[in-house]
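In: Below are the sequence and a predicted model; questions follow.
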There are 2 protein chains.
Amino acid sequence: MTIEFYFDFSSPYGYFASFKAEELVEGTDAMVSWKPFLAAIAFRATGNKPLAEQPVKSDYCIHDWERLGRFMDVPWTLPNPFPIAALAASRAYYWIEADDADLAKHFARDVFDAYFGRGLDISSDGVVADIASGLGIDPDDLRAAVKDPAVKERLKQETNTAIAKGVIGSPYFIVDGEGFWGSDRMWMIRRWIKRGGW
Amino acid sequence: MTIEFYFDFSSPYGYFASFKAEELVEGTDAMVSWKPFLAAIAFRATGNKPLAEQPVKSDYCIHDWERLGRFMDVPWTLPNPFPIAALAASRAYYWIEADDADLAKHFARDVFDAYFGRGLDISSDGVVADIASGLGIDPDDLRAAVKDPAVKERLKQETNTAIAKGVIGSPYFIVDGEGFWGSDRMWMIRRWIKRGGW
């Protein structure tokens, strides 16, 4: 069984969920497949407004993220710029994953940590190449890969597939075709896995 | 210490939270103050779109509510009409509360059960009067009360106060001035109460 973990690298709730995603399958033989996508494209499809256009909700969320960082005891900083289109990081993820899925997850964690843990601008190809370099990946190869039309196309396809599957935000988990939206729904996913359904 | 539990009688997540609100203070000397308000007015203030204008998100939520009903083992039905302006029920709540806060909570639970448990149209004064009647409240007194300008004004004031306090949806809890939005945040509220802050 594979659990799909859809997230946007620019999503704070996706960042918080990334610490808990693998816990979902502890003690089971299921696997978690990490799937970065561009949530802004999904928002356009669903008519959701971006947070920046909802000032009161945005203020609440900024406070909530800081609180979640403290409550979960994980690093948190509100990066600037925020949000960003995480094109380079998302493309790089799928390029790395084609060779080594575990390395890609490691890379994803390091990208999240760079952005929300240390406030680096991960919309920059150079920053993403540096992160990859720290994992033994050739930074020049990575810079070339994120400009490769086939790699660009892969991210487009993944984002379109996400939208077609009903992914309406980040994070979003799919288990047996059943969708769970939000970093607060881990308890429901665990129960679904345990019972094999409703 | 008093925990304010803001909710709209027409809010499914408010309904689900109502089963867990009193658990927050079990084993403490804190109290929960139930505060119905009109979320549609708050949505106008915050620029949030109502769910009906977000078809993809709406489909997700309809499924999510059914699933929550099963997972929480509580009655669930999607009422018709939905959503409604819960004027009569909200006004009646504050009118009852002025005399008897416990009876008002009992009434609130019965209103929620009528709407989301049994699918009755609680926008009707008659339905609300019947619910109150089942609790020994004179239905004619209640029908008169929900038309009383002072009672109407009370609900307006409560809704305006909610908005001024930053209440941006239903349910929304306030503890020590700290706001928590959503029925999934009980764990954070419990921790806040236990630690007396961050």
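Out: Looks like it arrived, so ask away. Treat the numbers as computed from the prediction; the structure is a model and nothing was measured.
In: before we move on, could you check phi and psi at the residue in chain A that chain B sits nearest to?
Out: Chain B sits closest to A:D184 of chain A, with a gap of 3.4 Å, by C-beta to the nearest C-beta. C-beta coordinates here come from the backbone N, C-alpha and C atoms, glycine included. Here is the backbone geometry of A:D184 (degrees, to the nearest 10): phi -90, psi 0.
In: these two touch, right, it and B:R185?
Out: Yes - in this structure, A:D184 is within contact of B:R185 by C-beta atoms under 8 Å, at 7.1 Å.
In: what number of residues lie near the residue of chain A closest to chain B?
Out: When neighbours are counted by other C-beta atoms under 10 Å in any protein chain shown, A:D184 registers 19.
In: show me what contacts it?
Out: By C-beta atoms under 8 Å, 6 or more residues apart in numbering or on different chains, the contact list for A:D184 reads B:G182, B:D184, B:R185.
In: Go again with 7 Å.
Out: B:D184 (C-beta atoms under 7 Å, 6 or more residues apart in numbering or on different chains).
In: buried residues in the helix or strand bottoming out on mean pLDDT in chain A?
Out: Lowest by mean pLDDT, DSSP states H and E among the helices and strands of chain A is helix A:39-46, with a mean of 87. Across helix A:39-46, burial judged by 16 or more other C-beta atoms under 10 Å in any protein chain shown covers A:A39, A:A40, A:I41, A:A42, A:F43, A:T46.
In: Can you sort out which of those residues also neighbour chain B?
Out: Counting by C-beta under 7 Å from any C-beta of the partner chain, A:T46 from the buried residues of helix A:39-46 sit close to chain B.
In: Farthest pair within the buried residues of helix A:39-46?
Out: By the measure C-beta to C-beta, A:A40 and A:T46 form the most distant pair in those, at 11.0 Å.
In: correct me, but A:L38 touches A:N160?
Out: No - A:L38 lies out of contact with A:N160 (C-beta atoms under 7 Å); the separation is 9.9 Å.
In: Look at the two and report which has more neighbours.
Out: Taking other C-beta under 10 Å, A:L38 and A:N160 do not tie; A:L38 has more neighbours (23 against 15).
In: For that one, grab phi and psi.
Out: When read as degrees, to the nearest 10, the backbone of A:L38 gives phi -100, psi 100.
In: Okay, it and B:A104: tell me how far apart.
Out: Look at A:L38 and B:A104: by C-beta to C-beta, to the nearest Å, they are 47 Å apart.
In: now swap in A:L103 and tell me
Out: 58 Å.
In: Neighbour count: these two, which is higher?
Out: Counted by other C-beta under 10 Å, A:L103 and B:A104 do not tie: B:A104 has more neighbours, with 20 against 15.
In: Now do the closest residue to the more buried one other than its chain neighbours: how many residues are near it, please.
Out: Once flanking residues are discounted, B:A104 sits nearest to B:E97: 3.7 Å by C-beta to C-beta, 6 or more residues apart in numbering or on different chains. The local packing of B:E97 (other C-beta under 10 Å) involves 20 other residues.
In: my guess is B:E97 meets B:H106, correct?
Out: No - contact criterion C-beta under 7 Å: B:E97 and B:H106 do not qualify, at 10.8 Å.
In: what residues does chain A put near chain B?
Out: Residues of chain A found near chain B (C-beta under 7 Å from any C-beta) are A:46-49, A:53-54, A:56-57, A:60, A:70-71, A:166, A:168, A:179, A:181, A:184, A:188, A:191, A:198.
In: Okay, strands next: where are they in chain A?
Out: Ranges of strands in chain A, per DSSP state E, are A:2-7, A:31-36, A:172-175, A:178-181.
In: between the ones you listed, which gets nearest to A:F116?
Out: A:F116 lies closest to strand A:2-7 among the strands of chain A, at 11.8 Å (C-beta to C-beta).
In: which helices and strands sit right next to the closest one?
Out: helix A:12-18, strand A:31-36, strand A:172-175 (3 or more C-beta pairs under 7 Å, 6 or more residues apart in numbering or on different chains; DSSP states H and E).
In: switch to 10 Å and redo it
Out: On a contact count with 3 or more C-beta pairs under 10 Å, 6 or more residues apart in numbering or on different chains; DSSP states H and E, strand A:2-7 meets helix A:12-18, strand A:31-36, helix A:39-46, helix A:101-112, helix A:149-164, strand A:172-175, strand A:178-181, helix A:186-195.
In: Least reliable of the ones you listed by average pLDDT, please.
Out: Per-stretch mean pLDDT for these is lowest at helix A:39-46 (a mean of 87).
In: so that one versus strand A:2-7, what angle?
Out: 90 degrees (axes from the mean of the first three to the mean of the last three C-alpha atoms, to 10 degrees).
In: Please save the CA atoms from helix A:39-46 in CSV.
Out: Output of helix A:39-46 as CSV, limited to C-alpha atoms (Å, rounded to 0.1, in the frame of the first residue of the first chain):
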residue,chain,number,x,y,z
ALA,A,39,-0.7,24.5,-5.1
ALA,A,40,-1.2,27.9,-6.8
ILE,A,41,-2.3,26.1,-10.0
ALA,A,42,-4.7,24.0,-8.0
PHE,A,43,-6.1,27.1,-6.3
ARG,A,44,-6.9,28.5,-9.7
ALA,A,45,-8.8,25.4,-10.6
THR,A,46,-10.8,25.3,-7.4
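In: How far does that helix sit from its chain's centre?
Out: Centroid separation between helix A:39-46 and its chain, computed with C-alpha atoms, centre = their mean, to the nearest Å, is 15 Å.
In: give me every residue that touches A:D8.
Out: By C-beta atoms under 10 Å, 6 or more residues apart in numbering or on different chains, the residues touching A:D8 are A:14-15, A:36-43, A:83-86, A:89-90, A:159, A:162, A:169-172.
In: buried subset of those?
Out: Buried, going by 16+ other C-beta under 10 Å: A:14-15, A:36-43, A:83-84, A:86, A:89-90, A:159, A:162, A:169-172, out of the contacts of A:D8.
In: Which neighbouring elements make contact with the longest helix belonging to chain A?
Out: With secondary structure taken from DSSP state H, chain A has its longest helix at helix A:55-72. The contact analysis (3+ C-beta pairs under 10 Å, 6+ apart) places helix A:55-72 against helix A:12-18, helix B:39-46, strand B:178-181, helix B:186-195.
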